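Asker: Provided below are the primary sequence and the corresponding predicted coordinates.
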Amino acid sequence: MPENLREALRALKRVSSATELEWAGFREVRETQTVRSARDGKPQANTTSISHGVMTEVLVNGQFGYAATSRTDAESLVAAVDRAREQARRASKWPIHRFTQAQRPPVTLQFHSPQERPISSVSAREINEILVEITTKLKRRPEILRAQAFVETTQTEVHFVSTNGSDATQSFSTIGSDFEATARKSGPNGDIVQRRTSGGFRGKTLQGGWEHFYDRNIWEEVERVAEEAMELVSAPECPTGPMSLLLMPDQMMLQIHESIGHPLELDRILGDERNYAGWSFVHLEDFGKLQYGSPLLNITFDPTVSTELASYAFDDTGTEAQREHLIEKGVLKRALGGLESQARSGVPGVANMRASSWNRAPIDRMANINLEPGESSLEEMISSVERGVMMTSNRSWSIDDFRNKFQFGCEYAKLIENGKLTRVVRNPNYRGITLPFWKSLKMVGNPSTRGVFGTPNCGKGEPNQIIRVGHASPACLFEGIEVFGGAQ
């Protein structure tokens, strides 16, 4: 335990107002983030930002109060506790629910992201040279209008202590990288412009070190991205109509995120997020009986997966994290709700109360939300389709405030005709309604089709919190989906 937090806990016992406290905790967070980027053969950004502070939490009269401070000495922490105590005392006059220490269990766990090549082992110069070379190689084709590449790393240290015995640490190392080529071709009706990335914008974000960057065959990916960008500007529009839809893992990431992850957040179901992030079509009485999808649909909350972006040992309330089924054989089982929302609703949840920084209070968030593999190979799924389309890499998305009706666009697609992949088509899009869409799930890919992805920019909360979320999924085949072309 850091000495400043230890001293602050001791000092609380000497403060007369501390007798009013039913519980108190300190969460110290220090985060260092770097961003390196290049465009068209030239460096564009080389930034490093550091954030460091402490969130103090207290429980008074059954209510939690919060106060954050960038001053980490014991005296400042005790003063922050005093502000949090007053906030909780005033809030206790209008309680939605009266909480207890049960919503802040003691924790003494440790967690460290695996790193084969630590973030600190590679210089900014080396990364910049690679990013410049990537964009230079992408731009060698005359059709490529613009080429960009970036790498973003974060290193986060968390220390959590409390008056009921918590003394726990977590350290996270994450790395995300992407590059893209934008191609242009003149046509009779004007220019056609298409963008292709290496896996969807920011989708390749994982826990770990530089192994996630260097252990890929980057130069093969560069060639593929450039070639596919050029294919797209010469391709016909995606056809329109109901047909089979084969989604690859980098698009399944967003499909799971928007139409399963967000609607199952328990604070959203309780109405806490309706002013900003929206509500949900899911009701409290749906848990345990709602047929969310076909019997092939198995969704897990799993913060134990090594290298996935939102893996951790405990959430920011001290609740130990473990793998749980949210949806099993298509039936809704469990909510994405921490101990506070579980106490309010009576619905089973998970350890997912998370804060984006030291100056934010924890709220119900996604973590690693994964679709479990099935038994079908990619070849079997393709060969089963008479007329359909395979789509990969998200380009655009839109979903209503209840997470019910949605419309997604992808970067790249190929038609499936009589059991075979045929022509490339551009501007592929599809739309649907959440429950009918997941009930149309016909085949789920086996582990050989599985991909692990993550997004570092999931937004929610007032004040806003941008947090890191992981998603793993195999390729999945849906039938009777409304597909259409046209840039969205």
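Answerer: Alright, I've got the coordinates.

Asker: hey, let's count contacts and neighbours off CA atoms from now on
Answerer: Will do.

Asker: same for the longest helix seen in the chain, what does it pack against?
Answerer: Secondary structure of the chain read by DSSP state H shows that its longest helix is helix 74-91. For helix 74-91, the packing partners by 3 or more C-alpha pairs under 8 Å, 6 or more residues apart in numbering; DSSP states H and E come out as helix 3-12, strand 42-60, strand 63-69.

Asker: May I see the buried residues of the second one?
Answerer: Of all the residues in strand 42-60, those buried under the rule 16 or more other C-alpha atoms under 10 Å are 42-44, 46, 52-60.

Asker: Same list as before, these that is, but in TSV and with pLDDT and distance to residue 346 included.
Answerer: TSV is the format used below for these (pLDDT from 0 to 100; distance: C-alpha to C-alpha, whole Å):
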residue	pLDDT	distance to residue 346
42	96	56
43	96	53
44	96	51
46	96	48
52	97	36
53	97	34
54	98	31
55	98	28
56	97	27
57	97	24
58	97	23
59	97	21
60	96	22
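
Asker: Closest to residue 66 out of these?
Answerer: residue 57 (4.7 Å; C-alpha to C-alpha).

Asker: Could you pull up the residues touching the closest one?
Answerer: If you count contacts by C-alpha atoms under 8 Å, 6 or more residues apart in numbering, residue 57 has them with 24, 25, 26, 64, 65, 66, 67, 81, 84.

Asker: Would you map the helices across this structure?
Answerer: Ranges of helices in the chain, per DSSP H, are 3-12, 74-91, 124-138, 211-214, 218-233, 249-256, 266-269, 339-345, 378-383, 434-439.

Asker: separation between the closest residue to residue 89 other than its chain neighbours and residue 68?
Answerer: Nearest residue to residue 89 in three dimensions, chain neighbours excluded: residue 60, at 6.0 Å (C-alpha to C-alpha, 6 or more residues apart in numbering). As judged by C-alpha to C-alpha, to the nearest Å, residue 60 and residue 68 stand 17 Å apart.

Asker: now do residue 123
Answerer: According to C-alpha to C-alpha, residue 123 and residue 68 sit 34 Å apart.

Asker: Which one's more surrounded, the two?
Answerer: Neighbours were counted for residue 123 and for residue 68 using other C-alpha atoms under 10 Å; residue 68 has more, 24 against 9.

Asker: quick one, what contacts the more buried one?
Answerer: Contact partners of residue 68, counting by C-alpha under 8 Å, 6+ apart, are 53, 54, 55, 56, 80, 358, 359, 360.

Asker: pretty sure the fifth one contacts residue 54?
Answerer: So that's residue 80. No: using C-alpha atoms under 8 Å, residue 80 is not in contact with residue 54; the gap is 9.3 Å.

Asker: Return every residue with contacts to both of those two.
Answerer: By C-alpha under 8 Å, 6+ apart, residue 80 and residue 54 have these common neighbours: 68, 69.

Asker: Out of the contacts of residue 68, which two sit at the greatest distance?
Answerer: Pairwise distances across the contacts of residue 68 peak at 13.8 Å for 80 and 360 (criterion: C-alpha to C-alpha).

Asker: any chance of the helices and strands packed on helix 74-91 in JSON lines, with distance to residue 210 too?
Answerer: Shown next, in JSON lines, are the helices and strands packed on helix 74-91 (distance: least, C-alpha to C-alpha, whole Å):
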{"stretch": "helix 3-12", "distance to residue 210": "32"}
{"stretch": "strand 42-60", "distance to residue 210": "17"}
{"stretch": "strand 63-69", "distance to residue 210": "33"}
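
Asker: so which of these comes closest to residue 194?
Answerer: With C-alpha to C-alpha as the measure, strand 42-60 is the member of the helices and strands packed on helix 74-91 nearest residue 194 (21.8 Å).

Asker: so what strands line up beside that closest one?
Answerer: strand 23-39 (antiparallel), strand 63-69 (antiparallel) (DSSP bridges).

Asker: can you list contacts of the longest helix of the chain?
Answerer: With contacts defined as C-alpha under 8 Å, 6+ apart, helix 74-91 is touched by 4-5, 7-8, 11-12, 17, 21, 24, 54, 56-61, 63-69, 71.

Asker: ok, residue 63 touching residue 94?
Answerer: No: when contacts are counted by C-alpha under 8 Å, residue 63 is not listed as touching residue 94 (9.6 Å).

Asker: Compare those two (neighbour count), which wins?
Answerer: Comparing residue 63 with residue 94 by neighbour count (other C-alpha under 10 Å), the higher total belongs to residue 63, at 23 against 9.

Asker: so what's that one up against?
Answerer: 88, 89, 91, 92, 95, 97, 98, 99.

Asker: With adjacent residues omitted, what lies nearest to the first one?
Answerer: Excluding its sequence neighbours, the residue lying closest to residue 88 (C-alpha to C-alpha, 6+ apart) is residue 65, at 4.3 Å.

Asker: For that neighbour, name its beta-bridge partners.
Answerer: The partner residues for residue 65, given DSSP bridges, come to residue 58.

Asker: Was I right to think it contacts residue 58?
Answerer: Yes: using C-alpha under 8 Å, residue 65 is in contact with residue 58, at 5.3 Å.

Asker: what comes up buried for the longest strand seen in the chain?
Answerer: Across the chain, the longest stretch assigned as strand under DSSP state E is strand 167-187. Neighbour counts using 16+ other C-alpha under 10 Å place 167-185 of strand 167-187 among the buried residues.

Asker: Highest mean neighbour count out of the helices of the chain?
Answerer: Ranked by mean neighbour count under mean count of other C-alpha atoms under 10 Å, the helices of the chain are led by helix 266-269, which reaches a mean of 27.
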